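Trainee: Structure for this input, please:
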Amino acid sequence: MLRNDTVWQSTTVAQEFLEGMRGAIPLANEQLDVMLRVIRAAQPELKNFLDIGCGDGVLGRAILATYPNAQGVLLDFSEPMIEAARSKLAGSGQQAKLLVQDYGSADWVKAVQADAPFDAIVSGFSIHHQPDTRKKELYNEIYHLLNPGGVFINIEHVAPASVWVESLGDELFIDSTMVFNQRRGVEKSREIVAHEFHNRDHKDANILAPMEIQCEWLREIGFTHVDCYLKIFELAVFGGIRK
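Mentor: The predicted structure is shown next:
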């Protein structure tokens with residue numbers, strides 16, 4: 001099957017995202033806060049965690065800052081992303097195991113089996129690159145990699161309810177990018193920012209699914225306390241706990 005997500009293995013695409021778009025994500029700090037609140041409630045003595053599709057390790061670093069003695073495994077199929085995570089972790093003084101591995105295939109589980117089961121598994125803006133059938137399979141694999149009581153949190157780009165809602169989300173992201181650019185001293189007109197947003201190289205890699213359907217998949221697999229903990233337009237924080 002032809003995959004569009006391999007664009008993320010490009011150094012140029014990874015750098016453009018990490019240096020530009022990542023810092024402009026609306027409510028990024030609030031998303032991290034909600035993730036940590038749910039983890040603290042579910043696993044107050046968290047010992048280990050897994051971050052899949054880790055990018056530059058922003059989620060993993062947030063967890064390690066809260067649980068400095070935890071053992072973390074950060075996994076991504078993009079070597080440029082893993083190198084960015086390695087650099088950020090070294091700069092923070094934090095440590096974690098870094099793996100270049102593609103969870104688009106079920107074989108990825110073998111790469112983390114020695115470190116499982118986990119108290120928490122997280123993912124940020126990554127799983128939406130998988131076809132829906134693979135998303136559901138992956139959620140099942142995640143369930144069985146968790147300890148009983150372990151928590152899964154997905155910070156994700158989800159399908160909009162309508163074209164109108166999609167347009168609201170796009171406008172929010174463009175506005176947020178304008179603010180981010182101003183903080184960095186980058187001078188671009190709103191027209192240019194909007195053009196770059198709508199024509200970004202990795203847009204075709206998106207395979208968005210409604211948040212409600214994904215939560216239902218989690219319930220069918222056996223997760224409890226499944227909910228969307230935060231949502232604004234196409235950005236959602238959702239997950240659940242293994243029984």
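Trainee: now the strands for this structure?
Mentor: Using DSSP state E, the strands of the chain run over 48-52, 71-76, 97-100, 118-124, 146-157, 224-232, 235-241.
Trainee: Tell me which helix or strand in this protein has the weakest average pLDDT.
Mentor: Sorting the helices and strands of the chain by mean pLDDT, DSSP states H and E puts helix 11-16 at the bottom, at a mean of 75.
Trainee: Let me have the strands of the chain in a markdown table, extended by mean neighbour count, distance to Ser10 and mean pLDDT.
Mentor: Bear in mind the C-beta positions are built from the backbone N, C-alpha and C, glycine included. Listed next are the strands of the chain as a markdown table, based on neighbours: other CB atoms under 10 Å; distance: least, CB to CB, whole Å; pLDDT from 0 to 100:
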| stretch | mean neighbour count | distance to Ser10 | mean pLDDT |
| --- | --- | --- | --- |
| strand 48-52 | 26 | 20 | 98 |
| strand 71-76 | 24 | 13 | 98 |
| strand 97-100 | 17 | 15 | 97 |
| strand 118-124 | 26 | 19 | 98 |
| strand 146-157 | 22 | 19 | 98 |
| strand 224-232 | 15 | 29 | 98 |
| strand 235-241 | 24 | 24 | 98 |
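Trainee: Dump the ones you listed to JSON lines, plus distance to Ile39.
Mentor: Compiled in JSON lines, the strands of the chain are given as follows (distance: least, CB to CB, whole Å):
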{"stretch": "strand 48-52", "distance to Ile39": "8"}
{"stretch": "strand 71-76", "distance to Ile39": "12"}
{"stretch": "strand 97-100", "distance to Ile39": "19"}
{"stretch": "strand 118-124", "distance to Ile39": "5"}
{"stretch": "strand 146-157", "distance to Ile39": "6"}
{"stretch": "strand 224-232", "distance to Ile39": "11"}
{"stretch": "strand 235-241", "distance to Ile39": "10"}
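Trainee: looking at the ones you listed, which is closest to Ile63?
Mentor: strand 48-52 (5.5 Å; CB to CB).
Trainee: The closest one pairs with which strands, parallel or anti?
Mentor: Counting by DSSP bridges, the strands paired with strand 48-52 are strand 71-76 (parallel), strand 118-124 (parallel).
Trainee: neighbours of Gly185, just the number please.
Mentor: Residues near Gly185, counting by other CB atoms under 10 Å, number 6.
Trainee: Nearest residue to Ala194 in space, ignoring adjacent ones along the chain?
Mentor: Spatial nearest neighbour of Ala194, excluding adjacent residues (CB to CB, 6 or more residues apart in numbering): Ile174 at 5.1 Å.
Trainee: I'd like to know how many residues surround that neighbour.
Mentor: Residues near Ile174, counting by other CB under 10 Å: 18.
Trainee: next one: Lys110
Mentor: 9.
Trainee: if I pick Phe180, what's in contact with it?
Mentor: The neighbours of Phe180, taking CB atoms under 8 Å, 6 or more residues apart in numbering as the test, are Gly20, Gly23, Ala24.
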